[in-house]
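Student: Sharing a model that was predicted from the sequence below.
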Amino acid sequence: MGRRLAIAIAVPSVLALGYLAADVADVVPGFLTAEPAPPVAAPFLTASPAPSSSMEGLALTDGTGADAPLPSPYQLQILAQELRDDPRTGTSTNVSVIDLVTGEPLADLDADEPQVPASTTKVLTAVAAATALGPDHTLSTDAAWDPGARTLTLVAGGDILLAEGYGHHGDLGTASADEIAAFGGPSVANGYAGLADLADAVVDALGTDLGTVTVAVDTSDYPGPAYPESWPDYALQQGYAGRVTGIAIDEGRLTDDAYAQRSDDPVGDTVDAFAALLEDRGIDVGTTVTRTASSGASVVASVESAPMSDIVTYLLRDSDNTVAEQVGRILALETGRKATPSGAAAAVTEALDGLGVDTTGLQLYDGAGFSDRNRITPNQLVDALRAAAVSDDTSGILDWLPVMGVEGTVADRAGTDDVVGRGLAKTGSLTGVTALAGLIETADGRWLVFATLADGMPPGQPRPRAAIDEFIGALAGCGCEG
């Protein structure tokens, strides 16, 4: 293939931010379990040395050649077996490690066996959406005007990260300290487009002398269910997930907290907020309703979401369950299916098939990994990651995954000098399930793609996580040529 991975992480010169915020699927032991989760502690900052790195940027580059030594498959197989034999994991710990450049298998412990993947499911959702739709794909929230019925309809286009006021459109220069403290930085995706922008565009198109208008919202493209049947009730109650609707302000959060309580009616809240913005601009609003846009309506204004690349970065870095499920449904709709969990599963599977991933045994019941009915093999995870990484269109996945020891749900994972800033990964946790999938650079400069899935264990995350972290550290420190 004539390619080599050159990775670099730009690290601030100031102290790195520490994180104690519970993560939806990956950080706090007990979260995403069948048991009641403990109350979420308020996040606070801790000072720690910033990981050092002389590298800047993150990309696959042409013309450099795969000149770093390839690790010995025999040595890596020994490392994988040691992980399985570790008393902190168990015999159901299955592993796949492949070479990024060539795709050559380097370690395989039942890597074709489907297992409960937890939040590593989000890897497949993100890869499928980004490859099938393209990283520049955006979601349009439209306003359609029917002059005969004097009805202005807010047409849901799948953006559940709308700002109630003006969107930031990618300019995060005014991000608050609280936003920066959460997970490793503010999200480009959240609040990219705003209802105030749309209200201004409506006034520019129609003026304000419209008489008394009805403001409607059309969510017919997103039939639900708003809360997947496979998701536990406590996740909604404790703010770990929200209702998956065709349109929402900040995923229906009722406060600015990452794990805020969620609205019972995010669609209704959104249309009410839009109506209030129109009234502020001089349009006389009579009532707000939920209905399909009439045949006499035409689109007069639109706002666009952040690109899909930023949306999948958000769902991978912060392990956002609501957005992950929504992205799967968007993919379903854009590929001619209903925006439902089953439609999303079919769309993700089709996209992976198109990438050459063997989907035998793949079972998906949600796009986030909450469902314990999901089944994914370690090979499906590594093959999907590699397929995206080596494609010119989606090599940006190497920017989308969170950096180990630096950000997101892996900010405190495998934090040794061998690993920090040299690995990218997505975590996964359910009761009795611990998973990790991503990429790691060896001591010789070779990039590997890995997936470890462990299920059927006693509840509790610290022990299996520590064992997996040591395995990743061994891969990173490997100078084990054949």
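Tutor: Yep, it's here.
Student: Go ahead and list the helix or strand containing the residue most central in space within the chain.
Tutor: Among the residues of the chain, Leu315 comes closest to the average C-alpha position under Cα atoms, centre = their mean, at 1.8 Å. Using DSSP states H and E, the secondary-structure element containing Leu315 is helix 308-317.
Student: Over to Arg84?
Tutor: Using DSSP H and E, Arg84 falls within helix 73-85.
Student: for stretch 349-362, which positions count as buried?
Tutor: Buried residues in stretch 349-362, defined by neighbour count with 16 or more other Cβ atoms under 10 Å: Thr349, Glu350, Ala351, Leu352, Leu355, Val357, Thr359, Leu362. The way it works is simple: take the backbone N, C-alpha and C, and place the C-beta from them, glycine included.
Student: give me every residue that touches the third one.
Tutor: Same thing as Ala351. Taking Cβ atoms under 8 Å, 6 or more residues apart in numbering as the contact definition, Ala351 lies against Val127, Ala128, Ala129, Thr131, Ala132, Leu331, Thr335.
Student: now the strands for the protein?
Tutor: Across the chain, reading from the start of the chain, the strands by DSSP state E fall at 3-7, 16-17, 47-48, 58-62, 94-99, 105-109, 140-146, 151-155, 212-218, 284-290, 298-304, 423-430, 433-441, 447-454.
Student: just those strands: most buried one?
Tutor: Among the strands of the chain, judged by mean count of other Cβ atoms under 10 Å, the one packed with the most neighbours on average is strand 423-430 (a mean of 30).
Student: just checking, what packs against that one?
Tutor: For strand 423-430, the packing partners by 3 or more Cβ pairs under 8 Å, 6 or more residues apart in numbering; DSSP states H and E come out as helix 121-133, strand 433-441, helix 462-476.
Student: Just put the buried residues of stretch 349-362 in CSV and tack on distance to Pro228.
Tutor: Supplementary listing: the buried residues of stretch 349-362 in CSV, determined by distance: Cβ to Cβ, whole Å:
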residue, distance to Pro228
Thr349, 17
Glu350, 20
Ala351, 20
Leu352, 20
Leu355, 25
Val357, 24
Thr359, 21
Leu362, 18
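Student: closest to Ser309 among those?
Tutor: Each of these was scored against Ser309 by Cβ to Cβ, and Ala351 proved nearest at 15.6 Å.
Student: Can you list the low-confidence ranges for the chain?
Tutor: Counting by pLDDT under 70, the chain contains low-confidence residues at 1-65, 174-186, 482.
Student: What about the nearest residue to Arg281 once chain neighbours are set aside, how many residues nearby?
Tutor: Sequence neighbours aside, Val203 is the residue nearest to Arg281 in space, at 5.0 Å (criterion: Cβ to Cβ, 6 or more residues apart in numbering). Neighbouring residues of Val203 were enumerated by other Cβ atoms under 10 Å; the total is 17.
Student: so Val203 touches Ile283, yeah?
Tutor: Yes: with contacts counted by Cβ atoms under 8 Å, Val203 reaches Ile283, the gap being 7.2 Å.
Student: For stretch 385-397, C-alpha coordinates in CSV please.
Tutor: Backbone C-alpha positions of stretch 385-397 (Å, rounded to 0.1, in the frame of the first residue of the first chain) are rendered in CSV as follows:
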residue,chain,number,x,y,z
LEU,A,385,-11.4,0.9,11.8
ARG,A,386,-8.7,-0.1,9.3
ALA,A,387,-11.1,0.3,6.3
ALA,A,388,-11.9,3.8,7.4
ALA,A,389,-8.3,4.8,8.2
VAL,A,390,-6.8,3.8,4.9
SER,A,391,-9.5,5.5,2.8
ASP,A,392,-8.8,8.9,1.5
ASP,A,393,-12.4,10.0,2.3
THR,A,394,-12.4,8.9,5.9
SER,A,395,-8.8,8.8,7.1
GLY,A,396,-10.0,11.6,9.4
ILE,A,397,-11.2,8.8,11.7
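Student: if I pick the residue nearest to Arg281, what's in contact with it?
Tutor: Taking Cβ under 8 Å, 6+ apart, we find Val203 in contact with Leu278, Arg281, Gly282, Ile283.
Student: Now tabulate the residues you listed in a markdown table and tack on distance to Pro462.
Tutor: A markdown table is the format used below for those (distance: Cβ to Cβ, whole Å):
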| residue | distance to Pro462 |
| --- | --- |
| Leu278 | 52 |
| Arg281 | 54 |
| Gly282 | 58 |
| Ile283 | 56 |
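Student: Show me which of those is closest to Thr102.
Tutor: When the contacts of Val203 are compared for distance to Thr102 (Cβ to Cβ), Leu278 comes out closest, at 57.5 Å.
Student: which one among the contacts of Val203 gets closest to His168?
Tutor: Top of the list for closeness to His168, among those and by Cβ to Cβ, is Arg281 at 20.4 Å.
Student: What is the neighbour count of that closest one?
Tutor: Applying the criterion other Cβ under 10 Å, we find 13 residues in the vicinity of Arg281.
Student: got the contact list for it?
Tutor: Contacts of Arg281 were listed using Cβ under 8 Å, 6+ apart, and they are Ala199, Asp200, Val203, Thr208.
Student: any idea how far the nearest residue to the last one once chain neighbours are set aside is from Thr214?
Tutor: So that's Thr208. Setting aside the residues directly before and after it, Thr208 is nearest to Gly282 in space (Cβ to Cβ, 6+ apart), at 3.8 Å. If you measure Gly282 against Thr214 using Cβ to Cβ, to the nearest Å, the figure is 17 Å.
Student: measure Leu424 to Ala193 for me?
Tutor: To Ala193, Leu424 is 28 Å away according to Cβ to Cβ.
Student: May I have the beta-bridge partners of Ser298?
Tutor: Per DSSP bridges, the residues bridged to Ser298 are Trp145.
Student: so it touches Ala143, yeah?
Tutor: No: between Ser298 and Ala143 no contact is recorded; they are 10.1 Å apart, counting by Cβ under 8 Å.
Student: How about the contacts made by the residue nearest to the centre of the chain?
Tutor: By Cβ under 8 Å, 6+ apart, the residues touching Leu315 are Lys122, Thr125, Ala126, Val323, Ala324, Val327.
Student: could you redo the last one with a cut-off of 6 Å?
Tutor: Contact analysis of Leu315 by Cβ atoms under 6 Å, 6 or more residues apart in numbering lists Lys122, Val323, Ala324.
Student: ok, for the second one, nearest residue in space, not its chain neighbours?
Tutor: What sits nearest to Val323 in space, not counting adjacent residues and going by Cβ to Cβ, 6+ apart, is Leu315, at 4.5 Å.
Student: try the last one
Tutor: Here the nearest residue to Ala324 in space, its sequence neighbours aside, is Ala368; by Cβ to Cβ, 6+ apart that works out to 4.0 Å.
Student: Next, count neighbours for the one you found.
Tutor: Look at Ala368: counted by other Cβ under 10 Å, it has 31 neighbours.
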